Structure formats: C-alpha cells, structure tokens
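# Attaching a predicted model along with its sequence, questions to come.
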2 protein chains.
Amino acid sequence: MKNLKKTLKQYFNVAVSVDNVVFGFDADGLKVLLISRGSEPFTGSWALPGDLISPEMDLEYSAEKILKQLTGLDQVYMEQIQTFGSVDRHPFGRVFTIAYFALIKVENYHPQAASWAKDVAWFKVTEIPKLPFDHRDILEYARRLLKNRIRTQPLVFELLPKYFTLTELHFIHESILEEEFDVRNFRKKILSSGIIEETGKMQKNVTHRPAMLYRYNAAKAKQLGFEGGIL
Amino acid sequence: MKNLKKTLKQYFNVAVSVDNVVFGFDADGLKVLLISRGSEPFTGSWALPGDLISPEMDLEYSAEKILKQLTGLDQVYMEQIQTFGSVDRHPFGRVFTIAYFALIKVENYHPQAASWAKDVAWFKVTEIPKLPFDHRDILEYARRLLKNRIRTQPLVFELLPKYFTLTELHFIHESILEEEFDVRNFRKKILSSGIIEETGKMQKNVTHRPAMLYRYNAAKAKQLGFEGGIL
DNA sequence: GAGAATTATTGTACTTTTTACAATATATTT
DNA sequence: AAATATATTGTAAAAAGTACAATAATTCTC
C-alpha cells in the first residue's frame, strides 16, 4: 500500500482549468466574449475567460463561477464541450483544460472586473485576434458545436432577448449556420412548429414598419420533445 | 514570481484519468466491454476500462493506449464524450476523468490481459452489473450520445463486419435507437442513400434463404457529406 | 422429395414536408 | 405626397416519409 501511494504521487501532479466560450448576439451578428489576461502567462493578451480549478471545487461549479465573476450572470445556459490535453499546451506544466460554452443575452450582460481579467470585450466570431494557448482551437470547436446544436435544440432563445421579432430570429439562424433561408419558408416553418408565440406587442422606435414581437414557448417546446429540431 | 509558483502548487495537486466506453455489436445486440479491476480501489469489481494519465502523455494517446492494451486494436473509432469532475468521485483524491467511447468490430477483437484488468467481458447494455465510481453515469451518457450520433453519422459501420446483410444493418439501427423501422422503408432509404454497395457475395452456412452481402462506401458517404444522416 | 420452417426481398398509394418564387403593407423621413 | 425601409403573406410543384403484405430462396424434417 505504501508503494501504491508513492506511485500515485507522480500522477497527482497536474492541474486542470476551465475555459469558457461565451457567445452573445446583437445586430452585428454572433459575438464571443474575450478577456485581457491579468496574470501570467500571456499577461495582457486577449484570451478565453478561464481559470485553474481548485482541488476542492466541483467542475461545473468552477465553470459557472468564472462566468458569474465576469458577467454577474447566474443561471446561464452552459454546456461542457471538450477537454483539451496536449502535453505542452501550457508553459507552466501539465494543464488539462475543460472547455464550456455559454450563451448569454447581451441585454442582461453587466461586465465586471475579475482578478484574472484586466479588460473584457465582445469580438465578432469572424474577427478574432491572436489567442494564446490552444484557445483558437477551442473557440473553433465551440463554433462548430453551436452550429451543429442549433438545428436540433432551441438554443437561439438563450441568445435573443425575451421579446424578439421574426426578422431577428431569422438573422440569428443565418448568422450561426452561415447559410441563407427563404423569408417565407423560414417564417412558415418556425410558426408552424409552435415553439414561439405572439405577444401582442410591437416593436417601437424604429424608422420603418414595426414588427410584431414574439416570445419563446418553452413549455410547448418541451412538450414537443423537439424531435427533428427547429430548422 | 516566487509567490506565484507557490500559489500554483496547490493547483498541481490533482490527477486525471481516462475511461473508455467500448461498444461492440453481435447477434445479441449492443454490448459494452467491461474489465474486472486489477488494482485499488474496487479491486475485482466490474468497471469501465480506464487508467490514470501520466503527466507526460497526451490525452488522446492515453485513451488509445488503454484500448490497445485491452483489445490489441489500433485505429479504432474513438471520440471524447465528456469529462466528469465531481470532487468526491474517487476515494484516493481529486481525480477528473475524461470519458471516451470506442466502436469496435467484435470480429477483430482479441482480448488481452492488462496490469489493471484481471478479466474482460462483454455485457449487453441492458444487463450491466453494479459499477464503481460514477461509471454508471458515464456509460449512460455514452449510450445517449451514441443514440444521438447514429442518425447523422455513419457510425454503425464501425460496429459491423466489413461485409454485412441489410438485416444486420436494420437490426443494429433498431438496437441502438430502441425503435422499430419498417423493413421495406428501411431498405429503400438506406439503399437510395448510396452509402452502401452490393458486393456480389452471399451469406453462407445459414439455415434459410441466404442474404446478399453489402459493404460501406466511405468515399460516397464522404462525398455526400452526410447531410441529414442515414435515418 | 414434398411440405414445413425460416428469413430475404420487393412496390404502390397516400400523406407530409420541403422548396421555389414576388407582391403588398405599414411605418418613418424628406 | 413621394421616397425609403422593413414586415408580412400564399401557392404550386417536388421530394421525402409512411403505411401496408405478398412472394422468393434456402435448409430442415419426415
């Protein structure tokens, strides 16, 4: 047993971190939240928000905590996407990182300083600066995953405000899927699915014909089980 | 910097393991490979094949190595599925485990002893014994993932022999999806997809009308990009 | 070797879903 | 009042999905 313990010791010699890919959406398209690193290594570089995990903290909780520190938001849609474990991905030693993605409504977003973040900013997914570690790979992986998920799960509603127009819904699908959809067919399909409902309200302060506002009907979506997805 | 190093030390105090969910398929249905543990903790218990990762070994390589030791197989379809990181999932300390699934052709399988496995056996996915750690959760997660993937990716061909009958292909879909498909419609659809092709060969040594043997056409599947999947 | 047993193979009509395509409506601005 | 900007709506044709049952080819049994 003594021997076993000694052997074990060499394994308990690595670290694990969490990195979050935080997606947001506005009139400009799909965005990702990056921080300017406040600690070594790569201090000052734009990077995915992440941190090492304390040995006494649960994995999920660690991911949520980072997001909370950064955005002040709780109860955000998060999903674990992949663990990256190349031997040399971190200059300080062997660090596995577990990537999560989070979808937030930009309207609710309140940036906050964090010990590990000197600055925070949204970047269009098509205009990402050079990133340290393997963060670029992680981000691309997250984009692919989001793209794959979006057709079969109602994730877009995590990114849109509570009330939204069909045009916004249309645009977010086109942004994420990088593909165009016919206006009439899109509306027909989304409306006949029953997962969104009219609110009776209209768009205000726009310089053109105001659109009707819709809202997501989570109960209906759940009831339908979302077989086959939205589009 | 000295201070930083000291702080870091408390993080480099965890271990990471890999656990593989190895699926196989035969006339009985979908199977999972379990080992009888050869080391502490839970020695002698049936469990998922897995091991701690050495700090100097890449993640992917670790997962492949375990499978190789166990089955003698190389170049097997493997995919990372999820990382499990509850604080108390391992009695020896904080151990994150990264789960992979592997799909193997039972015909190629040659069981081998490994230091961490006293015994190896296939279990029907519907008849799994009590498992240690959170292996039950991992297994169920893998089953769900396989079920979701199978409609949109040609994974079944990783589980079937090189030459197979349409009845086998039909049965494996029904086994994994836990759902029945009409024989005529199934055949019509799979054949019209173009991803399998006739071999001209027939089944032999069967006690009834022999079936035609087909083979997967990977080139065609790739060319089609598999939009929409098989079923 | 005739009939039984077992699995393999095939088509058609109906329903549903997807696709292609363009004119009109409602608001603000000039 | 006209120009500008975006919102909203329908129809016909094609493709895909669904429901459904009879016949064919082999071995086995007597």
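Ah, there it is.

# pLDDT value on A:Ile230, please?
On pLDDT, A:Ile230 comes in at 63.

# To clarify, my last question referred to A:Thr7.
Note on A:Thr7: pLDDT of 74.

# That one: what secondary structure?
When classified by DSSP: H, G, I helix; E, B strand; the rest coil, A:Thr7 comes out as helix.

# can you tell me how far it sits from B:Asp19?
19 Å (CB to CB, to the nearest Å). C-beta coordinates here come from the backbone N, C-alpha and C atoms, glycine included.

# okay, those two: which has more neighbours?
Ranked by neighbour count (other CB atoms under 10 Å in any protein chain shown), A:Thr7 and B:Asp19 place B:Asp19 first, with 24 against 11.

# which stretch of helix or strand covers A:Phe133?
Following DSSP states H and E, there is no helix or strand that holds A:Phe133.

# for A:Gln69, same thing?
Using DSSP H and E, A:Gln69 maps to helix A:59-71.

# now A:Lys147
Applying DSSP H and E, one finds A:Lys147 within helix A:135-149.

# and the residue nearest to A:Ile81 when sequence neighbours are not counted, what does it touch?
Closest residue to A:Ile81 apart from its sequence neighbours, by CB to CB, 6 or more residues apart in numbering or on different chains: A:Ala99 at 4.9 Å. Residues in contact with A:Ala99 (CB atoms under 8 Å, 6 or more residues apart in numbering or on different chains) are A:18-21, A:48, A:80-84, A:138, A:141-142.

# who's in contact with stretch A:217-224?
For stretch A:217-224, the surrounding residues in contact (CB under 8 Å, 6+ apart) are A:154, A:157, A:193-197.

# That one vs DNA strand C: in contact?
No: Stretch A:217-224 lies out of reach of DNA strand C by CB under 7 Å from any atom of the strand, never closer than 11.2 Å.

# State the number of residues packed around the residue lying closest to A:Leu8 once chain neighbours are set aside.
If the residues on either side of it in the chain are set aside, A:Leu8 comes closest to B:Phe92, at 6.4 Å by CB to CB, 6+ apart. Applying other CB under 10 Å, we find 14 residues neighbouring B:Phe92.

# mind checking which helix or strand B:Phe92 is in?
According to DSSP H and E, B:Phe92 maps onto no helix or strand at all.

# dump the residue contacts of it.
B:Phe92 makes contact with A:8, B:15, B:40-41, according to CB under 8 Å, 6+ apart.

# go on, A:Ala211?
Contacts for A:Ala211 (CB under 8 Å, 6+ apart) come out as A:165-167, A:202-203.

# how close does it sit to A:Thr83?
Distance, A:Ala211 to A:Thr83, using CB to CB: 42 Å.

# helix or strand right after the helix or strand bottoming out on mean pLDDT in chain A?
When each helix and strand of chain A is scored by mean pLDDT, DSSP states H and E, helix A:2-9 comes last, with a mean of 62. The helix or strand immediately downstream of helix A:2-9 is strand A:15-26, counting by DSSP H and E.

# So which elements touch that next one?
strand A:29-37, strand A:50-52, helix A:59-71, strand A:95-103, helix A:135-149, helix A:156-159 (3 or more CB pairs under 8 Å, 6 or more residues apart in numbering or on different chains; DSSP states H and E).

# List the buried residues for that strand?
Neighbour counts over strand A:15-26 (16 or more other CB atoms under 10 Å in any protein chain shown) mark A:15-25 as buried.

# Then stretch A:189-207?
Using 16+ other CB under 10 Å as the test for burial, stretch A:189-207 gives A:190, A:193, A:195-196, A:203.

# just to revisit the earlier point, can you add distance to chain B, secondary structure and pLDDT and give the contacts of A:Ala211 back as JSON lines?
Shown next, in JSON lines, are the contacts of A:Ala211 (distance: CB to the nearest CB, whole Å; DSSP: H, G, I helix; E, B strand; the rest coil; pLDDT from 0 to 100):
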{"residue": "A:Thr165", "distance to chain B": "29", "secondary structure": "coil", "pLDDT": "97"}
{"residue": "A:Leu166", "distance to chain B": "25", "secondary structure": "helix", "pLDDT": "98"}
{"residue": "A:Thr167", "distance to chain B": "26", "secondary structure": "helix", "pLDDT": "97"}
{"residue": "A:Met202", "distance to chain B": "37", "secondary structure": "strand", "pLDDT": "95"}
{"residue": "A:Gln203", "distance to chain B": "35", "secondary structure": "coil", "pLDDT": "94"}
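
# can I get those in JSON lines with distance to A:Thr71?
Putting the contacts of A:Ala211 into JSON lines (distance: CB to CB, whole Å) gives the following:
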{"residue": "A:Thr165", "distance to A:Thr71": "25"}
{"residue": "A:Leu166", "distance to A:Thr71": "28"}
{"residue": "A:Thr167", "distance to A:Thr71": "27"}
{"residue": "A:Met202", "distance to A:Thr71": "30"}
{"residue": "A:Gln203", "distance to A:Thr71": "26"}
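
# what's the average pLDDT for stretch A:74-83?
pLDDT averaged over stretch A:74-83 gives 94.

# how far out from the middle of the chain is that stretch?
Relative to its chain's centre, stretch A:74-83 lies at 7 Å (CA atoms, centre = their mean, to the nearest Å).

# Test my guess that A:His135 contacts A:Asn20.
No: with contacts counted by CB atoms under 8 Å, A:His135 stays clear of A:Asn20, the gap being 10.8 Å.

# what touches both of those two?
A:Leu48.

# unless I'm mixing things up, A:Ile138 is touching A:Gly85, no?
No: counting by CB under 8 Å, A:Gly85 is not a contact partner of A:Ile138; they are 11.9 Å apart.

# Neighbour count for those two, which is higher?
Counted by other CB under 10 Å, A:Ile138 and A:Gly85 do not tie: A:Gly85 has more neighbours, with 27 against 23.

# dump the residue contacts of that one.
Shown in contact with A:Gly85 (CB under 8 Å, 6+ apart): A:96-97, B:16, B:53, B:58-60, B:98.

# Please tabulate those residues in a markdown table, including the columns distance to DNA strand D and pLDDT.
Listed next are the contacts of A:Gly85 as a markdown table, based on distance: CB to the nearest atom of the strand, whole Å; pLDDT from 0 to 100:
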| residue | distance to DNA strand D | pLDDT |
| --- | --- | --- |
| A:Phe96 | 40 | 98 |
| A:Thr97 | 39 | 98 |
| B:Val16 | 42 | 97 |
| B:Ile53 | 42 | 96 |
| B:Asp58 | 40 | 97 |
| B:Leu59 | 37 | 97 |
| B:Glu60 | 35 | 96 |
| B:Ile98 | 35 | 98 |
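
# Done for today, thanks.
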